[in-house]
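what's the 3D shape of this:
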Amino acid sequence: MTTAPAPARRPLHQGRRAGSPAPWRATASALPWLLPALVLVLAIVVFPALYMVWVSTRRVSEFGVDRGSAGLDNYRQVLDFEAIGHVLLNTVVWVVGVVTVTVLISLALARLLHQAFPGRRLVRLAVIVPWAASVVMTSTIFVYGLDPFYGVMNRLLVDLHVLREPYGFTQRPVSAFLVAMGIAIFVSLPFTTYTVLAGLAAVPDEVLEAAQVDGASRWQAYRQVVLPLLRPAIAVDSIINIINVFNSLPILRTITGSLPGYDADTTTTLTFKFIQADRQIGTASALSVVNFALVLVVIGVYLRVVRPMRED
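Modelled structure (predicted):
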């Protein structure tokens, strides 16, 4: 008795199943649903960005009158600006410092909030408060609280013998810049913590149990098992925080806006100083383009070096 040979299997990559729509047809069928979002993106993101690039090559008067092409003169004015080197250094310190410290604190805070303890729900709700409150309001509270004459925070530091006498934290460029960084970390923690917390909730218990059975300590299990699984959540946190912190204006304007000079400025605050001081709209647009390019470069380097979505 002979057995009939099994029919040869067709490779999966050859052909398409009968009745399956062509890729362009699937895209066309989805387009009506995507069109409102695409129009919104084009209207509030793409068009303003292209218009900003165009304005950066024009001579615009203080009254907004276009006086013709400026070529690359606006970019040369940005590069020749006396304090541009110091401002760029401030920007790097501002972004790297705030994002790094925020992510590190959020990892520890999310690990704490992931544990079961009495009142955990209330603590989780309390963490949201800095995120829900107005950034300007939060910054203003710190401005008044750290005032050397009537600030309650300054008075507390003196009463605890941390300071001998009240100190003008927001009246000196370096200390004001550090205070602004502290506030930026404070208001960035809720979003970052909750994103990491969501990542922790997605870690299977079986994986941790297997690590314990293999003899891994709690720290080894966290470092070698949990952290790799949290890589996508950390990537989302880092990228969004980089964009938000890079373009953050309210905190620095509230804390350091009244200080003379450019010692506590970043590229974002310098852009608005160009507009407000001499109405240098073209130069401000050129600096905005540089700022946008810097954001793309930083995110590109981060994704290239960290490669957060690679498989383990």
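
which residues in the stretch 201-312 of the chain form helices?
Assigned by DSSP state H, counting those that start in this stretch, the helices in the stretch 201-312 of the chain fall at 205-213, 218-221, 227-229, 231-246, 250-256, 267-278, 281-306.

buried residues in the fourth one?
The neighbour-count criterion (16 or more other CB atoms under 10 Å) identifies 231, 233-239, 241-242, 244-246 as the buried residues of helix 231-246. For the C-beta atoms, the positions are set from N, CA and C on the backbone; glycine is no exception.

what of the shortest one?
Judged by neighbour count using 16+ other CB under 10 Å, helix 227-229 contains no buried positions.

same thing with the first one?
Along helix 205-213, the positions that meet the burial threshold by neighbour count (16+ other CB under 10 Å) are Leu208, Ala211.

what packs against it?
With contacts defined as 3 or more CB pairs under 8 Å, 6 or more residues apart in numbering; DSSP states H and E, helix 205-213 has these neighbours: helix 218-221.

now do the host helix or strand of Ala26, average pLDDT.
If you go by DSSP states H and E, Ala26 is part of helix 23-41. In this model, helix 23-41 has an average pLDDT of 81.

elements contacting that helix?
Looks like helix 23-41 contacts no helix or strand (3+ CB pairs under 8 Å, 6+ apart).

right, and the helix or strand after that helix?
Criterion used, DSSP H and E; the element after helix 23-41 is helix 47-55.

list the buried ones in that next one?
Result for helix 47-55 [16+ other CB under 10 Å]: buried residues Val55.

export it as PDB, just CAs?
Only the C-alpha atoms of helix 47-55 are listed here, as PDB (Å, rounded to 0.1, in the frame of the first residue of the first chain):
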ATOM      1  CA  PHE A  47       2.800  74.500   8.100                       C
ATOM      2  CA  PRO A  48       4.100  76.500  11.100                       C
ATOM      3  CA  ALA A  49       7.400  74.700  11.000                       C
ATOM      4  CA  LEU A  50       7.800  75.400   7.200                       C
ATOM      5  CA  TYR A  51       6.700  79.000   7.700                       C
ATOM      6  CA  MET A  52       9.300  79.400  10.500                       C
ATOM      7  CA  VAL A  53      12.000  78.200   8.200                       C
ATOM      8  CA  TRP A  54      10.900  80.700   5.500                       C
ATOM      9  CA  VAL A  55      10.800  83.600   8.000                       C
END
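
returning to what we had before: from the chain's centroid, how far away is the helix holding Ala26?
On the basis of CA atoms, centre = their mean, to the nearest Å, helix 23-41 sits 28 Å off its chain's mean C-alpha point.

now stretch 68-86
27 Å.

quick one: the helices in the stretch 51-200 of the chain?
With DSSP H, counting those that start in this stretch as the criterion, the stretch 51-200 of the chain has helices spanning 73-79, 84-114, 120-132, 135-145, 152-159, 173-201.

which stretches of the stretch 201-312 of the chain aren't confidently modelled?
Counting by pLDDT under 70, the stretch 201-312 of the chain shows low-confidence ranges at 278-279, 307-312.

circling back to that earlier point, in TSV, list the buried residues of helix 231-246 along with distance to Ile84.
Listed next are the buried residues of helix 231-246 as TSV, based on distance: CB to CB, whole Å:
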residue	distance to Ile84
Arg231	35
Ala233	36
Ile234	32
Ala235	31
Val236	32
Asp237	30
Ser238	26
Ile239	26
Asn241	25
Ile242	21
Asn244	23
Val245	20
Phe246	16
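
which of these lies closest to Val99?
Nearest to Val99, judged by CB to CB, of those is Asn241 at 4.7 Å.

residue contacts, the closest one?
Val98, Val99, Thr102, Val103, Ser188, Phe191, Thr192 (CB atoms under 8 Å, 6 or more residues apart in numbering).

over to Leu296?
Here Leu296 is in contact with no residue (CB under 8 Å, 6+ apart).

separation between it and Ile128?
Leu296 sits 31 Å away from Ile128, taking CB to CB, to the nearest Å as the criterion.

OK, contacts around Thr268?
Contacts of Thr268 (CB under 8 Å, 6+ apart): Thr91, Phe246, Asn247, Ser248, Leu249, Leu252, Asn291.

look up phi and psi at Pro118.
phi -60, psi 130 (degrees, to the nearest 10).

quick one, what contacts it?
With CB under 8 Å, 6+ apart, Pro118 has no contacts at all.

before we move on, back to that, closest to Met52 among the contacts of Thr268?
For the contacts of Thr268, the residue nearest Met52 by CB to CB is Asn291; the value is 10.1 Å.

how many neighbours does that closest one have?
17 (other CB atoms under 10 Å).
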